[in-house]
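Asks: quick one, fold the following:
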Amino acid sequence: MEIISLLWGTVLLRPYVFIFLAFYLAIAILNMGVVRSLCFTGLAYLVAFLCEYSSTRNGFPFGFYTYIDTTRDQELWISNVPFMDSLSFSFLIYVSYTLSLLLWAPLLKKGLDIRLGDIQPLKHSVRVIVSASILCMLLDVIIDPAAFLGDRWFLGKIYFYREEGEYFHIPLTNFAGWLFVAGVALSIFALLDRWLDTKIPFQPRYQLPAQALLGPGIYFGVLIFNLAVTFYIGEVLLGILGTLISLGIYCLALFRVKQAHH
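Replies: Numbering: from 1, shown residues only. Okay, the predicted model is just below:
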């Protein structure tokens, strides 16, 4: 009962995380079915948790940092890591992956209806995984500086680094860590997905209009949310830099969609 109470507390304390998580699960299930979606979520969480567990002890791969356990009696923690923190990696990595697919896959376009063509040959290719990992890292370039200042908005002060970071209090090793976690999670999932293809091939039952844009839409939704927080707390320079990064990614995606076949 205590675990259930802490899980419910996690939802109440971080509702925005679970809103993004719910949208992610709906989109992932549409794109690859329930089994693969649950496998991806569990795998990404496990990789992220192990890396966070390691980093809070020896600095690999994010750099040395410590979570402040003021919410331990309000939300679920696994060892010294808040459950929601590692869980958020699952949807952040996945929406980065969907945006990477949008950039590399053949697109089918009919008016505003944009769908992916045949992604089988490249869905787990090196270029898709590397691009997704970079896109995920760029998300964190905008997320983490705002999260570090959580005491100035409703997140609260949840962690600190042992040493002052180079980028708005965040060490560059942190961004390398995000690149590493996304790459490892996507690479392991590629092996698992290939095995699942031999056992339970996925046949989509439903196709929504503009389905190829749903995951990237969540990606940009996360960016907009964090940029809004950044400007709200008065970090104008950080907000401007984040906006420029976001606009660069958006223009890349827009150019790719404009080039889609009719």
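Asks: for the record, mean pLDDT for the helix or strand harbouring residue 187?
Replies: Residue 187 belongs to helix 172-199 when assigned by DSSP states H and E. Mean per-residue pLDDT for helix 172-199: 96.
Asks: contacting residues around the most centrally placed residue in the chain?
Replies: Nearest residue to the geometric centre of the chain (Cα atoms, centre = their mean): residue 92, 0.7 Å. For residue 92, the contact set (Cβ atoms under 8 Å, 6 or more residues apart in numbering) comprises 136, 139-140, 143, 222. Every residue, glycine included, has its C-beta placed from N, CA and C.
Asks: just checking, next helix/strand downstream of the helix holding residue 187?
Replies: Assignment by DSSP H and E places the next element after helix 172-199 at helix 214-232.
Asks: so how far is the helix or strand that that following helix is followed by from its chain's centroid?
Replies: For helix 214-232, the following helix or strand on the C-terminal side (DSSP H and E) is helix 236-258. For helix 236-258, the separation from the chain centroid amounts to 17 Å (computed by Cα atoms, centre = their mean, to the nearest Å).
Asks: residues in contact with helix 236-258?
Replies: Helix 236-258 has contacts (Cβ under 8 Å, 6+ apart) with 99, 102-103, 107, 109, 114, 135, 138, 141-142, 145-146, 168, 213, 216, 220, 223-224, 226-227, 230-231.
Asks: and the angle from it to helix 214-232?
Replies: With axes from the mean of the first three to the mean of the last three Cα atoms, to 10 degrees as the basis, helix 236-258 and helix 214-232 are set at 160 degrees to each other.
Asks: would you mark the buried spots in helix 236-258?
Replies: For helix 236-258, the neighbour count (16 or more other Cβ atoms under 10 Å) marks 238-239, 241-243, 245-246, 249, 253, 256-257 as buried.
Asks: then stretch 98-107?
Replies: In stretch 98-107, counting by 16+ other Cβ under 10 Å, buried: 98-105, 107.
Asks: equivalent analysis for stretch 110-121, please.
Replies: Applying 16+ other Cβ under 10 Å to stretch 110-121 flags 114-116, 119 as buried.
Asks: taking these one by one, which sit in strands?
Replies: Counting by DSSP state E, the part of the buried residues of stretch 110-121 found in strands is 114-116.
Asks: enumerate every residue touching residue 40.
Replies: 28, 32, 90, 94, 189 are the contacts of residue 40 under Cβ under 8 Å, 6+ apart.
Asks: quick check: the farthest pair among these?
Replies: For these, the farthest-apart pair by Cβ to Cβ is 32 and 90; their separation is 13.3 Å.
Asks: and the nearest residue to residue 83 once chain neighbours are set aside, what pLDDT?
Replies: Distances taken as Cβ to Cβ, 6 or more residues apart in numbering place residue 76 nearest to residue 83, at 4.0 Å, with adjacent residues excluded. Looking at residue 76, its pLDDT stands at 88.
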